[in-house]
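In: Take this sequence and fold it.
(chains A, B, C and D)
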Number of protein chains: 2
Amino acid sequence: MTEKTRAREEGLHRSDNRRQELMAAAAYLFNQRGYDATSMRDIAREAGMLAGSMYYHFSSKEDLIVATYEEGKRLISTAVLEATDGVEDPWERLTQAAIAHMNTLFGGNNFSILLCADISRTAPTLRSRLIEIRDSYDKLFMDLIEDLPLADDIDKGLLRLNLLGSLNWSTSWYRPGGQTPAQIGAFFVRVMRDGLA
Amino acid sequence: MTEKTRAREEGLHRSDNRRQELMAAAAYLFNQRGYDATSMRDIAREAGMLAGSMYYHFSSKEDLIVATYEEGKRLISTAVLEATDGVEDPWERLTQAAIAHMNTLFGGNNFSILLCADISRTAPTLRSRLIEIRDSYDKLFMDLIEDLPLADDIDKGLLRLNLLGSLNWSTSWYRPGGQTPAQIGAFFVRVMRDGLA
DNA sequence: GGTCCTAACAAACAGTTGTTATAATGACTG
DNA sequence: CAGTCATTATAACAACTGTTTGTTAGGACC
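Out: Presented below is the predicted three-dimensional model:
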């Protein structure tokens, strides 16, 4: 049985592989230069293809962007859910979530970092699609913070933005060599819990 | 004495006004759509001019971007320095700096917010020019944090990134109506100092 | 009045953009 | 071997990009 035949029987076509390759190439370039500065020709070249051919796999650039964004959300959501699974203590759950968040961001996959890019300046139609995807990830953190034992006067929404701001902003400065992503994530949660004074 | 003559005597040309108008139009659009998605024709139209005419005032789009960015740094630096001037207590100094930072960002000037945009994906030659400008602002916060009475094992560089991350990230979600910018800034510093548990 | 400078317009430049229509390739099927 | 279908190449499209050029109107200065 040839490889092709087996793939066919499993409902997989060659296009499924190429589709993944295109998404990987796109995510790589999106991270490097942003959506606007990455042309369809750039992505095609990176994947060893011509620009027109990509439209067999994705019907528009916007759909390709959304696909990579969604893949990023899928990967980081899975990682955070796995990391908190079975952990009881609320603060420990948040710590493990932050660590998993950071490890996924800087663990080599080019998809998840896309969720940390500021999309407030992207075109409205695309933006609304991306917001919906990211909100479903942010909800994980909202739930984690909801479970924290806090004083009544603490704005939990603001607290989530506080933590996610620090975590996400790290994508604009983090370089390997200093503290590890896990150490950074744990540090931010610890400061938030214990304070400094 | 005509208006033109007085302007001339003060060393001001009409071009100085138009230059400011161009920068204001550019900053407005840069905030709305980002650098790449804002064309020179967009800016010119916003300022009531034709695209080619702008090259009398700025020799390139990159120079115009840098000029707006620098103006933003000038405004927010002044605000933070004034807010901390004469304040003694290190934590209170940081609190006042955070409040001034937020008040300037959301106080209606379109320049300062530009400093909070993630520039890690902008073209290298432009990026290096912007980094240099922003670093000179970040230094203000580095100094403020350096003066905090902290345990020896606290990474002060990481602490600055922690706070600036939260503050800067607010530009991607803040909308008028909830907590004021000043309240948000003060909250982030208070959580950092006192913790939650 | 002649000359110079400021400031803007008008039109074009070459290159790039996302996208589309059509044709070619090539592997599997019967 | 002929036919089918998935996948890619080719070539073109109109629109837009930053920038340059030649020109012009108007005021200031000697």
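
In: middle-most residue in chain A, spatially?
Out: Compute the mean C-alpha point of chain A, and by CA atoms, centre = their mean the closest residue is A:Ser112, 2.3 Å away.

In: Surely that residue is in contact with A:Thr104?
Out: Yes: using CB atoms under 8 Å, A:Ser112 is in contact with A:Thr104, at 5.0 Å. Quick note: C-beta positions are derived from backbone N, CA and C, even for glycine.

In: overlap in contacts of these two?
Out: Shared contacts of A:Ser112 and A:Thr104 (CB atoms under 8 Å, 6 or more residues apart in numbering or on different chains): A:75-76.

In: For A:Ala151, grab phi and psi.
Out: When read as degrees, to the nearest 10, the backbone of A:Ala151 gives phi -60, psi 150.

In: hmm, stretch A:155-173 touching chain B?
Out: Yes: interface with chain B: stretch A:155-173 contributes A:155, A:158-159, A:161-173 (CB under 8 Å from any CB of the partner chain).

In: Now that stretch: average pLDDT?
Out: Average pLDDT, stretch A:155-173: 97.

In: What about the residue lying closest to A:Leu50 once chain neighbours are set aside, how many residues nearby?
Out: Of all residues not flanking A:Leu50 in the chain, A:Ala44 sits nearest, at 5.6 Å (CB to CB, 6 or more residues apart in numbering or on different chains). Close neighbours of A:Ala44, defined as other CB atoms under 10 Å in any protein chain shown, add up to 18.

In: what helices or strands is the helix or strand hosting A:Ala44 leaning on?
Out: For A:Ala44, the host element (DSSP states H and E) is helix A:40-46. Counting contacts by 3 or more CB pairs under 8 Å, 6 or more residues apart in numbering or on different chains; DSSP states H and E, helix A:40-46 packs against helix A:14-33.

In: related to what we said a few turns ago, from A:Asn103, how far out is the residue nearest to the centre of chain A?
Out: Distance from A:Ser112 to A:Asn103, counting by CB to CB, to the nearest Å: 10 Å.

In: Same question for A:Arg129.
Out: 27 Å.

In: Contact partners for the residue nearest to the centre of chain A?
Out: Neighbouring residues of A:Ser112 by CB under 8 Å, 6+ apart: A:72-73, A:75-76, A:104-105.

In: Check A:Ala182 too.
Out: Taking CB under 8 Å, 6+ apart as the criterion, A:Ala182 is in contact with A:99, A:102-103.

In: For it, give me the pLDDT.
Out: We have a pLDDT of 98 for A:Ala182.

In: State the helix or strand in which it lies.
Out: helix A:181-194.

In: ok and that helix relative to helix B:181-194, angle-wise?
Out: 100 degrees (axes from the mean of the first three to the mean of the last three CA atoms, to 10 degrees).
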